[in-house]
Structure formats: C-alpha cells, structure tokens
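>>> Mind looking at a prediction? Sequence and model below.
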Amino acid sequence: MPEGQLAATLCLPSGGAADTVLVLMSGSNYNGTYWDFQYAPETYNFRRAMNRAGLATIVVDRLGNGNSTQPPALSLTATATAQALHAIVGSLRAGLAGAPPFAKVITVGHSLSSGTSVMEASANHDVDGVILTGYSHALNIPETIGVISTYQRAVDDPQFAGRTTDPGYLVSRPGTRIHDFYDPADVDPAVLAQDEQTKEQFSLSEYPDGLTSTLPGMSSFITAPVLLVNGSRDRLSCGPNYSVCADSATLRAQEAPYFSPAARLQAFVLPGSGHAVNLARNTQDYQNAVIDWVRSTIGS
C-alpha cells in the first residue's frame, strides 16, 4: 500500500474450515474493536457470533487507525481504502497468510466503510455479497453536520496523548457519542463506557469521496446481493423523523430504486437502535438476520 499497511485479524470457526469469509471494516470514530467488542461478548461481539455460525471473519483497521499505519491525516481518502479492500478480497481468494482460499467473500461495512464497500463492489464486481450497515441514500445532512461539530483534534484529547502529533486527526469529544451514535434509551451504560475507551481517530479527508457513495448512481452498479441494515433511531441514515427506517419493508422500498435487480436488495431495521447497530441492546437480532441472509442468499 502506498500509504502504509493495513492491520487485519483472520478468525476461523471452531471447526477450522470455512468456505465463506466476512471482511469487517468499521467506519470513522471506530476501529476493529467495533466488530470484536470485549464487554459482554456473548451479546455484543459480532465477530464471535459469525464464527459460532461457521463463518470466517477478517477484522480490518482502516489506514490511520487501530494497528494500521498512520499516514499524514490529510492524505487519507475513502478511495484509497476501497483500493485496499479490493486487494484484501483478492488475497482472501488466493489464500491469505497461509489460510486456504475462500470460495465466497462478503464485505461488511459500517457507516463510512459501508460507502467504501459500495465503491469497491461497484468498481470491481469481485465479491459474493455486500452488507451495508449505518448507510442509506437518505443521509440526513443537518444531523451529519451536527455530529461533525462534536469532533475535536486528537492531539487535544488526553486519551490520545502520545498517539499522534498530526493535527489533522480528529476524535469525538468526551460525552458526545451517546447522542451521535446511539439512542440514549437503548444503550447499556457499560457499553457506552467501553466504547468511549476504545474510540478511534480519523480524518475528515476520508469523508468527501466516501459520501459520494450515498448519492444516486454508484450503488446501481453493484451486481452482488446486498443486505442493508439500519437502526430505527439512526439520526444519520434514516432521513427526517427517522421515516426511512420505520421498518424493514419501508427501508427496502425506499432504497430499492438505487440498486440494480442483480443486487436482490434485502433490508433489516433493528428497532430502537441508533447508528452503532453492533452495540444496541438487541444487537443479537441483527446478528441473526445477517447469518440467515448469508445462509439463504449466499450459501455457506
């Protein structure tokens, strides 16, 4: 990678063998811990739930966060991440780090990296399925701007002391995540505390090209099956008054015009959840919906 190296952790089911692998990449404000959450993992750990269901997973940190290389913040783009995701898909099919080649590769994004997944799948047509969470074409711009207003420079956050000297990296201000990424009535306080401790830096330079994926056009070029997941109280992705996410049928009807028939679009709305569907109290319902979709639509 010109910008550096992506950190990734491949996990196989307990039986060791799997034909299908899910590529898990988080959005801005998060790193791989979003998928491999350590508090109450029997409930909130998406990666473990998929492994228990017989699916392999690879958790990938975006450039600039987690254990991946930290290039200059203003050089980061969603396009570069989409190119890196394309390389990972190819490596998984060829046999990554000595693992057997996977017959089926599914990309799973959250928020910004859902956009990355749209960019990758629409350009390369190399995946067997795409799961988009915290994403829609009804992006609520005023709410998005409101969330952006809660960011501060990572160098000014005591939690990031010594981690970066680059003023271009941002983090959420303490105490703002409950309103930005959750419905306050839905989140376990212990989850929120753990989320605050594992929050991640990012660069706003990732947003401009990443958000183009929410405009009409790009997603219509995806030729693999798509599952779209949102929380019913997602202030960013559910449009004015959460109208787009009233229920699963409404979300599918609203989003279907933006996808081709080849995508065979399906949708799932997690009641009560905010933007961070992995960390909602009822997240296991979403985990089960993903597993059912993989088995019925992709096969595993």
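Received, thanks. Residues are numbered from 1 along each chain as shown.
>>> contacts, neighbours, all on C-alpha from now
Noted.
>>> hey, which helix or strand in the chain has the poorest pLDDT?
helix 207-210 (a mean of 90; mean pLDDT, DSSP states H and E).
>>> what's it packed up against?
For helix 207-210, the packing partners by 3 or more Cα pairs under 8 Å, 6 or more residues apart in numbering; DSSP states H and E come out as helix 78-94, helix 112-124.
>>> Can you say which of these is packed in most?
Most buried of these, by mean neighbour count (mean count of other Cα atoms under 10 Å): helix 112-124, with a mean of 25.
>>> Could I have the CA atoms of it written out in PDB?
The C-alpha trace of helix 112-124 is given here as PDB (Å, rounded to 0.1, in the frame of the first residue of the first chain):
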ATOM      1  CA  LEU A 112     -18.100   5.400   6.200                       C
ATOM      2  CA  SER A 113     -16.800   1.900   5.400                       C
ATOM      3  CA  SER A 114     -20.200   0.900   4.000                       C
ATOM      4  CA  GLY A 115     -19.500   3.700   1.500                       C
ATOM      5  CA  THR A 116     -16.100   2.100   0.900                       C
ATOM      6  CA  SER A 117     -17.800  -1.300   0.300                       C
ATOM      7  CA  VAL A 118     -20.100   0.300  -2.300                       C
ATOM      8  CA  MET A 119     -17.100   1.900  -4.000                       C
ATOM      9  CA  GLU A 120     -15.300  -1.400  -4.100                       C
ATOM     10  CA  ALA A 121     -18.100  -3.600  -5.200                       C
ATOM     11  CA  SER A 122     -19.400  -1.200  -7.900                       C
ATOM     12  CA  ALA A 123     -15.900  -0.900  -9.400                       C
ATOM     13  CA  ASN A 124     -14.600  -4.400  -9.200                       C
END
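>>> CA atoms only for the helix or strand that comes right after it, dumped as CSV, please.
Downstream of helix 112-124, the first helix or strand assigned by DSSP states H and E is strand 129-133. C-alpha atoms of strand 129-133 as CSV (Å, rounded to 0.1, in the frame of the first residue of the first chain):
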residue,chain,number,x,y,z
GLY,A,129,-22.2,-10.3,-1.2
VAL,A,130,-22.2,-6.8,0.4
ILE,A,131,-23.6,-6.0,3.8
LEU,A,132,-24.1,-2.2,4.4
THR,A,133,-24.9,-1.0,8.0
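>>> any idea of the mean pLDDT in strand 129-133?
pLDDT averaged over strand 129-133 equals 98, rounded to a whole number.
>>> correct me, but residue 133 touches residue 112?
No - counting by Cα atoms under 8 Å, residue 133 stays clear of residue 112, with 9.5 Å between them.
>>> For residue 28, which of the helices and strands packed on helix 207-210 is the nearest?
Closest to residue 28 of those, according to Cα to Cα: helix 112-124, at 6.1 Å.
>>> all helices of the stretch 201-300 of the chain, in order?
Per DSSP state H, counting those that start in this stretch, the stretch 201-300 of the chain carries helices over the ranges 207-210, 248-255, 283-293.
>>> Ok, which of those comes nearest residue 57?
Comparing these by Cα to Cα, helix 283-293 comes nearest, at 12.5 Å.
>>> Contacts for that closest one, please.
43-44, 46, 49-50, 53, 227, 268, 270, 277 (Cα atoms under 8 Å, 6 or more residues apart in numbering).
>>> Which ones among those residues lie within strands?
227, 268, 270 (DSSP state E).
>>> So what does residue 56 have for phi and psi?
Main-chain torsions, residue 56, degrees, to the nearest 10: phi -80, psi 160.
>>> which residues touch residue 181?
So, once contact is read as Cα under 8 Å, 6+ apart, residue 181 ends up touching 234-235, 274-276.
>>> could I get those residues as a markdown table with pLDDT?
Shown next, in a markdown table, are the contacts of residue 181 (pLDDT from 0 to 100):
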| residue | pLDDT |
| --- | --- |
| 234 | 97 |
| 235 | 95 |
| 274 | 97 |
| 275 | 97 |
| 276 | 97 |
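>>> okay if I get those residues as TSV plus distance to residue 260?
Shown next, in TSV, are these (distance: Cα to Cα, whole Å):
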residue	distance to residue 260
234	25
235	26
274	27
275	25
276	27
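>>> before we move on, the earlier item: now restrict the ones in strands among the contacts of helix 283-293 to buried residues only.
Neighbour-count burial (16 or more other Cα atoms under 10 Å) applied to the ones in strands among the contacts of helix 283-293 gives 227, 268, 270.
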